[in-house]
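>>> sequence first, then the predicted structure, then my questions.
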Amino acid sequence: MKTSKQATAKVTLPLLLLFAAAVCAQAQQLNVGDVVVAVQGGYQVFAPAGNAPKATISAPTGSDTMAGCAFDSTYRLRAADFTGAEVLKFAIPSPFHFISTQTATTAASPQSVAFDGHNNFFVAHEGGTIKKYGPSGNLLGSFSVKVDSRTFISLDISADGNTLFYTSGGSTIRTFNISTNATSKTTVSGLNGSNLFGLRLLGPNFDGTSGFLAAIGKDVVSITGSGTIVNSYVNSVDGSSNNWQALAFAPGGAQFWAVNLATGHLFEFTISPAAKAAGPISTTANTDNGQSGVCVVGAFSAAQPQSIMKSATLSPGSSESATLTFTTSGTVLSLGNSVSSASISTNQINVTVDNPSSVTVNAWFTEIDPAVGVSDPAPAPGSLACLVVDEPMVNSTATNKCGVVKLELSPDTGANLSLFTTQNSVNPVLVADEEENDTTFVVHGTTITGGTKHSTVFSLQEEPLSAPAGGAVACGYQTPVTTSPSYFPNANTIALKVALAPSLGQCGTPFTSAMSFVPQISLVLLDPSGFTGTQVIGGTAGHSAPPYRFSSPSTWIVNVDTSSVPAGCYIATTSDAGNQFASFSYSAQTRTNTVIIGIGVNAPKCDSIALP
């Protein structure tokens, strides 16, 4: 017998977010800690404890030689296509289709990618050209830098995002200041004929003073800020054939992954003490025409916003709930569309899973710049701006921030989840994987979504009201849906009457249908164990045809067939397919408090449901 368990994550954030969805297993889902390795024709993905590829990310052609890669703060992959002379942006969900490219028109053969704290990314090209791109892929600058060799370049960026550190197949670690174009170099001693390839800045400073990790062909070594080799990591771990060129930190930075191009073997090492942690894992990196690249999901650069991670383990009959708290530095609370409040400081993520064994819930929350969180595809009309959820003070200046949540369930299992957000005159939209709109119902100005979803990345976007925005507002449901709850114990049909007006002060006055509204309804059955839900009716399903009829002076009416819906407590949400008025779930009498509708049940079945 399956046991239902609920994890309640109370998020102490200067935001109020809500999503609700059912989560189910998804093949080839990239998880935090997964390792992405460049191979000919794309990338192979490995779980940290796996020996076989869990997924393949394909380049535009199977003959492309791939090189370095990195993830942006929304977990979208940017990858250097060495032979294609372009940088590819891949979507989050499998089959990981590529969304856009940046073609290297004046500099061929990209080899390395690095992100700064605002999701600008830098691409180092063979020969000594480094290009800077904005989050949408627009070219912001191009720099010619000195190199030791014109056949290799590997790039990393300081924690403050101002200085690029790079190696170029020689004996020096060079720097380039992005603001001033100032340069410097550190010569590494003790290489004994080896050359510097893959490079990563070590902490805690991540500015060169704390040292470096570097692949040097025959080995991987740690180096002091002044250029002295300290530790050697390979130590014949992969036999006598060695060609180490690419490496990447694991999440947390206490370990790193590196690949030996001579054998194709992938290894994980602990930084201190120097020791092998995992491997060998067989890859086909040794067939990639001498190029190399390794990146790790969730292991962002020191310059990127760092995720806050919390977890809970749910066991049948015992630990069925947990509280996870995230804290950010925000002091001014912006809840979208320039609406500020200092009173909202907590949030809840509710996860309800149905599984006979223990389930671990992991969640990572990251605050990101608005430009980073634009959903795919970009540019418009398909893309949506992210919803601003925080305004932390940076140097006495309020800086808008959006939020992204990566959720993982282990074992991956079916679940409902919820996260709250406040809206004003825009429609907040819950988006999965930065491309799938999962919004199905609203709660007095907050957004909730229902339906089946898998462990993945969730974000909140702003869907601006289209013209004539501001020319229509929802007055709410009229009779028979009035107070909350409204009960219909024996009804097979509910006539939902929707009132619209030019403004709230004009509800009930004549209002024609000349604006060509296309109202749609969703009906969501609330889960009794938590404020989550499952969509029963969505869009125009279950409606008479046409979905709504206009009744002068200001009412649209739809007869909702409830004869086949399960008995329970529901939220009905009306939205407009043309996005001309904000979605709502309240009545004219309860505005703006959401109405709970009891279908097939008697009072007080739904009276105890507490709305946010």
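Right, received. Where do you want to start?
>>> which secondary element of this protein has the worst mean pLDDT?
strand 17-18 (a mean of 30; mean pLDDT, DSSP states H and E).
>>> which residues are in contact with Ala302?
157-159, 201, 203, 206 (Cβ atoms under 8 Å, 6 or more residues apart in numbering). (Each C-beta comes from the backbone N, C-alpha and C, glycine too.)
>>> now do the helix or strand encompassing Val45: which elements does it pack against?
Assigned by DSSP states H and E, Val45 belongs to strand 42-46. Under the contact criterion of 3 or more Cβ pairs under 8 Å, 6 or more residues apart in numbering; DSSP states H and E, strand 42-46 touches strand 35-39, strand 55-58, strand 66-71.
>>> can you redo those strands as CSV with mean pLDDT?
Converted to CSV, the helices and strands packed on strand 42-46 look like this (pLDDT from 0 to 100):
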stretch, mean pLDDT
strand 35-39, 95
strand 55-58, 90
strand 66-71, 94
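>>> contacts for stretch 218-228, please.
Contacts of stretch 218-228 (Cβ under 8 Å, 6+ apart): 173, 186-190, 194, 202, 208-214, 229-234, 242-244, 247, 256, 258, 269, 271, 274.
>>> so for that stretch, what's the average pLDDT?
Averaging pLDDT along stretch 218-228 gives 96.
>>> list the buried ones in it?
Under the neighbour-count criterion of 16 or more other Cβ atoms under 10 Å, stretch 218-228 has 218-225, 227 buried.
>>> let me know the closest of those residues to Gly41.
Distance to Gly41 across these (Cβ to Cβ) is lowest for Val220, with 25.8 Å.
>>> tell me the bridge partners for that closest one.
Ala215 (DSSP bridges).
>>> how far away is it from Gln520?
The gap separating Val220 from Gln520 is 57 Å, by Cβ to Cβ, to the nearest Å.
>>> domain parsing of the chain, as residue ranges.
4-25+307-463, 35-296, 473-599 (automatic domain parsing).
>>> rebuild those domains as TSV, extending it with distance to Lys605.
Converted to TSV, the domains of the chain look like this (distance: least, Cβ to Cβ, whole Å):
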stretch	distance to Lys605
domain 4-25+307-463	19
domain 35-296	38
domain 473-599	6
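>>> what pLDDT does the model give Ser272?
At Ser272, pLDDT is 93.
>>> contact partners for the closest residue in space to His265 that isn't next to it in sequence?
Ranked by Cβ to Cβ, 6 or more residues apart in numbering and with sequence neighbours excluded, the top spatial neighbour of His265 is Pro280, at 3.8 Å. Neighbouring residues of Pro280 by Cβ under 8 Å, 6+ apart: 237-238, 263, 265-267.
>>> got phi/psi on Pro280?
phi -80, psi 140 (degrees, to the nearest 10).
>>> what's the separation between it and Val234?
Distance from Pro280 to Val234, by Cβ to Cβ: 12 Å.
>>> picking that back up, can you redo the helices and strands packed on strand 42-46 as CSV with mean neighbour count?
Compiled in CSV, those are given as follows (neighbours: other Cβ atoms under 10 Å):
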stretch, mean neighbour count
strand 35-39, 27
strand 55-58, 19
strand 66-71, 28
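>>> how about the secondary structure of the closest residue in space to Thr479 that isn't next to it in sequence?
Using Cβ to Cβ, 6+ apart and skipping residues adjacent in sequence, the residue nearest Thr479 is Lys497, 6.5 Å away. With DSSP: H, G, I helix; E, B strand; the rest coil as the basis, Lys497 sits in strand.
>>> thought Lys497 was touching Trp556?
Yes: at 7.5 Å, Lys497 counts as touching Trp556 under the criterion of Cβ atoms under 8 Å.
>>> what is in contact with these two at once?
Between them, Lys497 and Trp556 share no contacting residue, judged by Cβ under 8 Å, 6+ apart.
>>> low-scoring stretches of the stretch 401-550 of the chain, by residue?
413-426, 444-454, 465-471, 510-517, 527-534, 538-548 (pLDDT under 70).
>>> hmm, back to that, got the contact list for the strand holding Val45?
28, 30, 34-37, 52-59, 62, 64, 66, 69, 77, 79, 266, 281, 283-285, 293.
>>> swap in stretch 494-514?
Against stretch 494-514 from outside (Cβ under 8 Å, 6+ apart): 471-481, 488, 517, 519, 521, 548, 550-560, 562, 572, 574, 581, 588, 591, 597, 599.
>>> out of these, which end up buried?
So, by 16+ other Cβ under 10 Å, the buried ones in the contacts of stretch 494-514 are 472-478, 481, 488, 517, 519, 521, 548, 554-556, 558-560, 562, 572, 574, 581, 588, 591, 597, 599.
>>> inside strands: which ones of the residues you listed?
473-477, 488, 519, 521, 555-556, 558-560, 572, 574, 597, 599 (DSSP state E).
>>> so what's Leu384 closest to, chain neighbours aside?
Gln461 (3.8 Å).
>>> am I right that that neighbour is in a strand?
Yes: counting by three-state DSSP, one finds Gln461 located in a strand.
>>> what distance do you get for Gly505 to Asn579?
23 Å.
>>> so for the two, which sits in the more crowded spot?
Asn579 (18 against 8; other Cβ atoms under 10 Å).
>>> now that one: how far from Glu435?
Distance from Asn579 to Glu435, by Cβ to Cβ: 18 Å.
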